[in-house]
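A.B. asks: Give the three-dimensional model of this entry:
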Amino acid sequence: MKKNRPYRFLVFFFLIFGLAGLGMLVGGFVVMYNSFRFQSTAVEVTGIITDIHTNRDSDGDTRHTVLVSYSYNGQSFEDIPLNYYSSGMYEGKEITLSVDPDAPSHMVSNFGSVFSYLLLLGMGLIFAAVGFIPLIFMLIRHISGKRLEANGQVLRATVERIDVNRSVTINGQHPYIIYCTYYDAYKDVTYRFKSKNLMADPSFDYAPGTGIDVYVSPEDYSKYLVKVEQNPNPKLIDYT
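C.D. replies: Sure thing, here's the model as predicted:
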């Protein structure tokens, strides 16, 4: 149904973020493992930055290529591209390099290797959190709502008003929220509830003053579900 499409989009959006985060985490651990394995046999030498090439790619991003020279076991290696760049680098600066003794032309910057996998792991954690935490909350809310519908107490509340939730944007659209009240004459208490975010305008089905069902936990009314059933294709004939 059309009213479910925005939520499917949200689930897909957060899932993509979460999976991207998992991919980064896996990549970070692979890079870290390879780095540790390389460092276990590598030999540290002192290199000198001989040149730094700066250019822009097709996207306009600035790229830096750092060239270093070093010596190992009596053999000199000149202008070898480094796997890392930082703003503190300059020509003539000495840096510590790790060299593969079986292939001395293969070397890496110690700090660059650590920075690479820490960056991947950090970005992976952020992306995974942004993707999976909202999905977990959505799942918990869905399960809680189903339990309330199955075992909760039904209150016949009255729609108070309908607001646009401008603090949230889903697929370029602000959702709607129904506010409703229920008066318990026995306790002489008025309870106020609000619906979840609704992508379709609910005013066609729930004008202020009309009734709406609210499922609550008999022991704790703060655990509730405003049951909204909308016509997916509302028709309005306005002669005003």
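A.B. asks: mind listing what residue 182 touches?
C.D. replies: 155, 156, 157, 158, 190, 191, 193, 214 (Cβ atoms under 8 Å, 6 or more residues apart in numbering). C-beta coordinates here come from the backbone N, C-alpha and C atoms, glycine included.
A.B. asks: Can I get the buried part of those as one PyMOL selection?
C.D. replies: In PyMOL, a selection of the buried entries from these looks like this (16 or more other Cβ atoms under 10 Å):
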select buried, resi 155+157+191+193+214
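A.B. asks: Does anything pack onto the lengthiest strand in the chain? Which helices or strands?
C.D. replies: In the chain, assigned by DSSP state E, the strand with the most residues is strand 43-56. Applying 3 or more Cβ pairs under 8 Å, 6 or more residues apart in numbering; DSSP states H and E, one finds that strand 43-56 contacts strand 62-72, strand 75-81, strand 94-100.
A.B. asks: The last one pairs with which strands, and in what direction?
C.D. replies: Using DSSP bridges, strand 94-100 pairs in its sheet with strand 43-56 (antiparallel), strand 103-109 (antiparallel).
A.B. asks: Same list (the helices and strands packed on strand 43-56) but as a markdown table, adding mean pLDDT and distance to residue 201.
C.D. replies: Output for the helices and strands packed on strand 43-56, formatted as a markdown table (pLDDT from 0 to 100; distance: least, Cβ to Cβ, whole Å):
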| stretch | mean pLDDT | distance to residue 201 |
| --- | --- | --- |
| strand 62-72 | 90 | 47 |
| strand 75-81 | 91 | 59 |
| strand 94-100 | 91 | 62 |
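A.B. asks: so which of those is the most packed in?
C.D. replies: Comparing these by mean neighbour count (mean count of other Cβ atoms under 10 Å), strand 94-100 comes out on top with a mean of 17.
A.B. asks: outside of that one, which residues touch it?
C.D. replies: The contact list for strand 94-100 (Cβ under 8 Å, 6+ apart) reads 38-39, 41-49, 68, 70, 72, 89, 106-111, 113.
A.B. asks: And residue 130, how far from residue 172?
C.D. replies: 19 Å (Cβ to Cβ, to the nearest Å).
A.B. asks: Specify which residue of those two has the higher count of neighbours.
C.D. replies: The neighbour count for residue 130 versus residue 172, taken as other Cβ atoms under 10 Å, is higher for residue 130 (15 against 6).
A.B. asks: quick one: what helix or strand has the more buried one in it?
C.D. replies: For residue 130, the element it lies in under DSSP states H and E is helix 110-151.
A.B. asks: Which elements pack onto that helix?
C.D. replies: Partner elements for helix 110-151 (3+ Cβ pairs under 8 Å, 6+ apart): helix 5-41, strand 94-100, strand 211-217, strand 220-226.
A.B. asks: what residue lies at the spatial centre of this structure?
C.D. replies: For the chain, residue 130 is the residue whose C-alpha lies nearest the centre (Cα atoms, centre = their mean; 2.3 Å).
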